[in-house]
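Asks: generate a structure from the sequence data that follows.
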Amino acid sequence: MLFSCEVKRDGYKLRQIPSYSLENPDPNSVWESHLVESPGGDLLRVIQKHNDGFMVYKLVWLDSRNVIWEEVTNLGDVALFLGENHSISVVASEFVGCRSNSIC
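Replies: Okay, the predicted model is just below:
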């Protein structure tokens, strides 16, 4: 199970992300999936297709129970660093030598 928790000054909102939304978008390929929060607070799902690059999706709530993963084609001034146990995102222009719109 995967949950989204939005914390605000007056409380929090906890929502379960439906498991159907995490299925493999391409069952004919070998892939790894990473979850990472963008600097702007969006939940990103990065699918690393072995020997075939990356696909990036942003979680969008349609209502209180339904979600879609919207494809992201450009990260802008963001760089993603993917790891086996932890992934992070940074504003690339705030780090010397860091490239915008990149995934490492």
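Asks: what comes into contact with the helix or strand where residue 16 lies?
Replies: Counting by DSSP states H and E, the element that carries residue 16 is strand 11-17. Strand 11-17 is contacted by residues 1-6, 59, 61, 64-65, 67 when judged by CB atoms under 8 Å, 6 or more residues apart in numbering. For glycine as for every other residue, the C-beta is placed from the backbone atoms N, C-alpha and C.
Asks: next, residue 93: phi, psi?
Replies: phi -70, psi -10 (degrees, to the nearest 10).
Asks: and the nearest residue to it once chain neighbours are set aside, how far from residue 83?
Replies: Among residues not flanking residue 93 along the chain, residue 77 sits closest, at 5.3 Å (CB to CB, 6 or more residues apart in numbering). Distance, residue 77 to residue 83, by CB to CB, to the nearest Å: 21 Å.
Asks: so which of those two has more stuff around it?
Replies: Taking other CB atoms under 10 Å, residue 77 and residue 83 do not tie; residue 77 has more neighbours (14 against 10).
Asks: so the more buried one sits against residue 100, correct?
Replies: Yes: the criterion here is CB atoms under 8 Å, and residue 77 meets it with residue 100 at 4.7 Å.
Asks: who touches both of these two?
Replies: 92-93.
Asks: does anything pack onto the lowest-mean-pLDDT helix or strand in the chain? Which helices or strands?
Replies: Lowest on mean pLDDT, DSSP states H and E among the helices and strands of the chain sits strand 2-8, with a mean of 77. Under the contact criterion of 3 or more CB pairs under 8 Å, 6 or more residues apart in numbering; DSSP states H and E, strand 2-8 touches strand 11-17.
Asks: and the strand it packs on, what's buried?
Replies: For strand 11-17, a neighbour-count test (16 or more other CB atoms under 10 Å) marks residue 17 as buried.
Asks: now do the same contact list for the residue nearest to residue 39 when sequence neighbours are not counted.
Replies: Leaving aside its chain neighbours, residue 39 sits nearest to residue 91 (5.1 Å; criterion: CB to CB, 6+ apart). Neighbouring residues of residue 91 by CB under 8 Å, 6+ apart: 39, 77-78.
Asks: and of these, the nearest to residue 49?
Replies: Nearest to residue 49 out of the contacts of residue 91 is residue 78 (CB to CB; 20.1 Å).
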